[in-house]
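Trainee: Sequence unavailable; structure follows:
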C-alpha cells in the first residue's frame, strides 16, 4: 500500500495570508499546497500577480498542485469561457499543476440527459484550453442531492468517451464521496484527494454541509480512513489535501498544531 502524502488547501486556515499559509505547510513538513480564488483579501482575489505567487512558492520549496476552483464549470457559456481562460492563465503563470472544476450546485441542470450533455460540452471546450497551458483539469463531483454532477462514475464515463484522460482527472473528496453514496472509487483516474471529517453526532447525512467539515479525528463519521485505505491499496499515490470548511477550524488560534494532530491520527490509523 502506498503511504499517504499530505497536502494543504488554503481553506485549512483561510485567514492566513499566503506567505503565512505557505510557511505553515513547511512547518508541517508538507510540500504541496492548493491555493484558492474565493478568499477575500487574499491571493488570488486581492490582485496578487501570478508571478509573485510563484516566487513565494519557490522560496518556500512548495509545489502548487491546484487552483481551487472554476465554479459552475458544466454551465458552459461565454462568461464561463472567459473565467476559465483567466484562471488557466493564472495557474500556468503561478506554476500550479491543475485547476479544480466544480459543477453547478443549485438544483438546476440535473436531468440525466441535460447534465451529461452539459458535462461533455464543458469538458470538450476546456480540453484544448488546458492542454495549451499544460494544466490538468480536476473534476470534482459534489455529493449534495441538488448537485448537477454527483457521481465520479459519470465524470469518469465522460472523460473516457472524450478520450481525454491525458487532460482530466477526478477529485475524490471524502466528504462528497460519502454523501453521494457511491461505492466505486477510481484510483487510476484520481488526481487529488480532499480530506475532511464530520464529527457532529446529531446531523443526518442528508443535512451535512460544508460548515460541518472539520479535521479528521476519532469521531469521524465519513470513514475517511476506509476511503484512504481503499485508494492507497489500489495504487493511488497522489496528495491527500486537508479541506475543512467548519468555522470552528477557521477560528483556531493554532491551526498548525491542530493539523499536526490530525495528520498524526490519520497516519497512525492507516
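Mentor: Done, it's in. As the structure is a computational prediction, the values presented were derived from the model and not from experiment.
Trainee: Low-confidence bits of the stretch 51-200 of the chain, can you list those?
Mentor: The stretch 51-200 of the chain contains no residues with pLDDT under 70.
Trainee: now the helices for it?
Mentor: Counting by DSSP state H, counting those that start in this stretch, one finds helices in the stretch 51-200 of the chain at the ranges 78-94, 112-133, 152-161, 174-180.
Trainee: Highest mean neighbour count across those helices, which stretch is it?
Mentor: Stretch with highest mean neighbour count among these: helix 174-180 (a mean of 23; mean count of other CB atoms under 10 Å). (C-beta placed from N, C-alpha, C; glycine too.)
Trainee: How far does that helix sit from its chain's centre?
Mentor: Distance, stretch centre to chain centre, for helix 174-180: 13 Å (CA atoms, centre = their mean, to the nearest Å).
Trainee: circling back: of all the helices of the stretch 51-200 of the chain, which lies closest to residue 46?
Mentor: Smallest distance to residue 46 across the helices of the stretch 51-200 of the chain (CB to CB): 12.8 Å, for helix 78-94.
Trainee: Now do the longest strand seen in the chain and helix 78-94, the angle between them.
Mentor: Across the chain, the longest stretch assigned as strand under DSSP state E is strand 63-70. Orientation note: strand 63-70 sits at an angle of 170 degrees relative to helix 78-94 (axes from the mean of the first three to the mean of the last three CA atoms, to 10 degrees).
Trainee: angle of strand 63-70 against helix 112-133?
Mentor: Counting by the same axes, to 10 degrees, strand 63-70 lies at 140 degrees to helix 112-133.
Trainee: Make 21 the first number, not 1, from now on.
Mentor: In the new numbering, first residue 21, that becomes strand 83-90.
Trainee: Can you pull out the residues in contact with strand 83-90?
Mentor: With contact meaning CB atoms under 8 Å, 6 or more residues apart in numbering, strand 83-90 is reached by 27, 29-31, 51-58, 64, 73-74, 77, 100, 103-104, 107, 110-111, 114-122, 158, 160, 212, 259, 261.
Trainee: so of those, which ones are in strands?
Mentor: Among the contacts of strand 83-90, DSSP E puts 27, 29, 52-56, 118-121, 158, 212, 259, 261 in strands.
Trainee: Tell me how many other residues crowd the closest residue to residue 63 other than its chain neighbours.
Mentor: Leaving aside its sequence neighbours, residue 63 sits nearest to residue 38 (CB to CB, 6 or more residues apart in numbering; 4.7 Å). For residue 38, the count of nearby residues is 21 (other CB atoms under 10 Å).
Trainee: got a list of what residue 38 touches?
Mentor: 30, 55, 62, 63, 68, 73, 76 are the contacts of residue 38 under CB under 8 Å, 6+ apart.
Trainee: With residue 53 instead?
Mentor: 27, 28, 29, 30, 41, 42, 45, 77, 82, 83, 84, 85.
Trainee: between those, which is closest to residue 217?
Mentor: Out of these, the member with the shortest distance to residue 217 (by CB to CB) is residue 29, at 14.2 Å.
Trainee: State the pLDDT value of the closest one.
Mentor: pLDDT, residue 29: 98.
Trainee: from what I can see it touches residue 260, true?
Mentor: No - if you go by CB atoms under 8 Å, residue 29 and residue 260 don't touch, sitting 10.5 Å apart.
Trainee: which neighbours do the two share?
Mentor: What both residue 29 and residue 260 touch, as defined by CB under 8 Å, 6+ apart, is the set residue 214.
Trainee: Look at the nearest residue to residue 141 once chain neighbours are set aside and say how many residues are nearby.
Mentor: Leaving out its chain neighbours, the residue that sits closest to residue 141 by CB to CB, 6+ apart is residue 96, at 5.1 Å. The tally of other residues near residue 96 (other CB under 10 Å) stands at 19.
Trainee: Residue 96 and residue 142 touch, don't they?
Mentor: Yes - using CB under 8 Å, residue 96 is in contact with residue 142, at 4.4 Å.
Trainee: ok, the residue sitting nearest the centre point of the chain - contacts?
Mentor: Centrality entry for the chain: nearest residue to the mean C-alpha point is residue 214, 5.3 Å, by CA atoms, centre = their mean. Applying CB under 8 Å, 6+ apart to residue 214 gives the contacts 29, 160, 191, 192, 193, 194, 195, 196, 260, 261, 263.
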